[in-house]
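Peer 1: structure for the following, please:
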Amino acid sequence: MTQPKATLCLWFDSEAEAAARFYAATFPDSHMGRVHRAPGDYPSGKAGDVLTVEFTICGLPCIGLNGGPAFPQTEAFSLQIATEDQAETDRLWDAIVGNGGRESACGWCKDRWGMNWQITPRTLTEALAAGGAEAARAFAAMMDMTRIDVAAIDAARRG
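Peer 2: Predicted coordinates:
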């Protein structure tokens, strides 16, 4: 397996492998790759501990790095997952929040490892891209939501 030209490196305290297994089981077109153990001691671990994990989320190549607590995740970085309908939106939202995560606003949630997610139905993205009154109505509806309600967004799009 050749290394892609660009890979997203995600920092975890110590549970990159558990997070990668969850992501691979939860998101479509996702899988686990190789697990690499540290060849020597490092600031947040010992020789033999899991140092990095290769995985893919929705086709996006990633490396999980067990770097310790020095750099916690913030909302300045998130992964946006486009969903086709309410059922897919609910399945992904419930998987993240139900596995120790927490809800936020406007379709955002945070998983138990601190990673921020935007579970975004395509109808919302399309409405915002349409511009004008349709975008304004969809945006206003979204602002009152935690999990995105596809029917409510579609109703707002129609006016």
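
Peer 1: now do the same contact list for the nearest residue to Cys62 once chain neighbours are set aside.
Peer 2: Nearest residue to Cys62, sequence neighbours excluded (C-beta to C-beta, 6 or more residues apart in numbering): Leu8, at 4.7 Å. Placement of C-beta: from N, CA and C, glycine included. By C-beta atoms under 8 Å, 6 or more residues apart in numbering, the contact set of Leu8 is Leu60, Pro61, Cys62, Ile63.

Peer 1: from Ala20, how far out is Leu8?
Peer 2: In this view, Leu8 and Ala20 are 12 Å apart by C-beta to C-beta, to the nearest Å.

Peer 1: between these two, which contacts overlap?
Peer 2: Shared contacts of Leu8 and Ala20, counting by C-beta under 8 Å, 6+ apart, come down to Cys62.

Peer 1: rewinding a little: what's the closest of the contacts of Leu8 to Leu124?
Peer 2: Set against Leu124, the nearest of the contacts of Leu8 by C-beta to C-beta is Leu60 (20.4 Å).

Peer 1: nearest spatial neighbour of the closest one, skipping sequence neighbours?
Peer 2: That would be Leu8: by C-beta to C-beta, 6+ apart, it lies 6.1 Å from Leu60.
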